[in-house]
Structures are given as C-alpha cells and as structure tokens.
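Asker: what's the 3D shape of this:
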Amino acid sequence: MSRGLNLHNPPLDDLRVRKAVAHRINVEQIMSNVFGDSSLYQLDGALFFPEQKLLYTTAGLEDYGKFDLSRAKQLLQEAGSPSQEIVILTQAEDPINRNVAVILGQQLAAAGLNARVEALDLATSLQHFAQPRDWHVWPTATTAGSLLPTALPWASGVFPYDGYYAKDDAIANLLAQWATRSTDNERKALMDQIQTQVYRDVPLVKFGDVSGLAGVSPKLHINMSFYQPTYWDMWLNG
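Answerer: Residues are numbered from 1 along each chain as shown. From the prediction side, this is the model:
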C-alpha cells in the first residue's frame, strides 16, 4: 500500500516538501489503525514483495518509515513554509482507502501542511487524474501480479497522467536498461539502482504490504496456480 505524490503540482513539485511528507507519515500508525490485526500487514518499504526474490531488495530503504516531525518541519521551512492546499484523493466507496486518507490528512496537518481529503467515486477520481493541478496525493499500490519494474503503472511515464514520473528522467533511463540485462545477477543489481532512485525522487510513499483473508467451500474447485484465483475454470463438486 502506497500513496503517490503529484510531482508537478506545487508544493509537491519541491523535493524538500515531498521528503517532508515522507518524514511526517507514521506508516505504523496508518497500517495498525486501518488493518488492526498485525497478521494482515507487514511494514516493508520495498517496491516488491519478499517472495518475489528476483525483484525484492532493501536498497535505498534507509529513510523508509523514518517518522521525524522535527525533520519534516525543518524541510518545510527550507522550502519556504508552503501554504498551498494539499488535496488527498480517495475513493468514497472504498473504506480502507478512505480511512488511510483521513489519517494521512491528520498527520500532514500536524506538520503544518494545509491538507484536505477529497472522497470521490471511482469514475470522478479517474477524471481528476487528467487534471493534475486539481490534486496532490493519490492511492496507488503494487500487487503480486506486477512481475517487472517496467510494469508498475506509476513508472510507465504516462500514468496517472502523461509525464507524471519515469519519463525523460533518471528513473526512465534505469527502467529502459531492464530489457538489456540478461542474467539474474545483472537484473538484481539494476533493481537496487531503480529502488534507490525511487527513494531519492520520492514520487510515492510506501506504507507496507497488505494481506487478506478468503473463505472457499471445500466443494469448490478453484485454480490457485497464479497469485490470485482464476475463475474461468471454477466449478462446484457434488
């Protein structure tokens, strides 16, 4: 679970402000308050899951989860104490994302930022993405179905809007090298560089990894060979 930061809308166009946001977020408080049971989440700042051994790395994670209100306020002061409103987008029909947004808004306000939560239906929030001056923070995540760093939507260069991130910049250059790496060791070394660059740029703040619970009847035949059920070959026995 993460929150993307709009790199091209003031005050988040200033790296110091994005770093201040990262230092102000108490990821443990967010995860525990939203999910409760610690068996449902794991505090981890990596872009991929530990089980994805060829992609998982701890490179660049020195500042992950470093909740430091004093450092956040110092960075904001260095950035000129910005007073612009920071709009946190969330989906009204999604209680988890809505609760995350409310807690995040409270945390940013405590650092002196003028934060406001805007809960919209999915269709309206997608329309807002095309208007990057209307928002600052958006819900994003990496799923186990993301099998390559080049498949991460926010690293595409065109999502949530064209030129958001990974387009004609340092991270775009690193991602372009992925297809040229022919061995696992070369890819792991490149993944270290990619994750380190992401933490250097702060286009998002990673909170942690989330698990869920699912109940299935013993009579149900379901294919679990992929990271989630496939329903086209599912049937009830007996």
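Asker: Quick check: which ranges of the chain have low pLDDT?
Answerer: Residue ranges of the chain with pLDDT under 70: 144-145, 224-230.
Asker: All the helices of it, in order from the start?
Answerer: For the chain, the helices defined by DSSP state H cover 15-24, 27-35, 69-78, 95-110, 122-129, 170-176, 184-201.
Asker: If you count neighbours, what's buried in the fourth one?
Answerer: Yep, that's helix 95-110 we're talking about. Going by neighbour count (16 or more other CB atoms under 10 Å), the buried part of helix 95-110 is 97-98, 100-105, 107-108. (Each C-beta comes from the backbone N, C-alpha and C, glycine too.)
Asker: nearest to residue 114, of these?
Answerer: Comparing the buried residues of helix 95-110 against residue 114 with CB to CB places residue 108 closest, at 8.6 Å.
Asker: Please give me every residue in contact with the residue lying closest to residue 200 once chain neighbours are set aside.
Answerer: Counting by CB to CB, 6 or more residues apart in numbering, residue 60 is the residue found nearest to residue 200 once chain neighbours are left out, at 7.2 Å. Contacts of residue 60 were listed using CB atoms under 8 Å, 6 or more residues apart in numbering, and they are 192, 195-200.
Asker: now do residue 50
Answerer: With contact set as CB under 8 Å, 6+ apart, residue 50 has these partners: 44, 56.
Asker: one more time with 6 Å, if that's ok
Answerer: Applying CB atoms under 6 Å, 6 or more residues apart in numbering to residue 50 gives the contacts residue 56.
Asker: Okay, it and residue 237: tell me how far apart.
Answerer: Noted for residue 50: a distance of 34 Å to residue 237, by CB to CB, to the nearest Å.
Asker: Any of the contacts of residue 60 buried? List them.
Answerer: 195-199.
Asker: Go through those residues and say which is closest to residue 77.
Answerer: Nearest member of these to residue 77, counting by CB to CB, is residue 199, at 22.5 Å.
Asker: Now do the nearest residue to that closest one once chain neighbours are set aside against residue 72, distance only.
Answerer: Distances taken as CB to CB, 6+ apart place residue 60 nearest to residue 199, at 4.0 Å, with adjacent residues excluded. Per CB to CB, residue 60 is found 19 Å from residue 72.
Asker: Sort out which one of the buried ones among the contacts of residue 60 lies nearest residue 76 for me.
Answerer: residue 199 (19.4 Å).
Asker: re earlier: show me which of the helices of the chain has the highest average neighbour count.
Answerer: Using mean count of other CB atoms under 10 Å, the stretch among those with the largest mean neighbour count is helix 15-24, at a mean of 23.
Asker: and that one, how far from the chain's centre?
Answerer: 15 Å (CA atoms, centre = their mean, to the nearest Å).
Asker: counting contacts, what elements does that helix pack onto?
Answerer: helix 69-78 (3 or more CB pairs under 6 Å, 6 or more residues apart in numbering; DSSP states H and E).
Asker: For residue 2, list the residues it contacts.
Answerer: Residue 2 makes contact with 140-141, 204, 206, according to CB under 6 Å, 6+ apart.
Asker: Name the residues linked to it by a beta bridge.
Answerer: According to DSSP bridges, the residues that bridge with residue 2 are residue 140, residue 206.
Asker: So it versus residue 141, what's the distance?
Answerer: For residue 2, the distance to residue 141 - CB to CB - is 6 Å.
Asker: got it, and residue 10?
Answerer: Distance, residue 10 to residue 141, by CB to CB: 26 Å.
Asker: More neighbours: those two, which one.
Answerer: residue 141 (17 against 13; other CB atoms under 10 Å).
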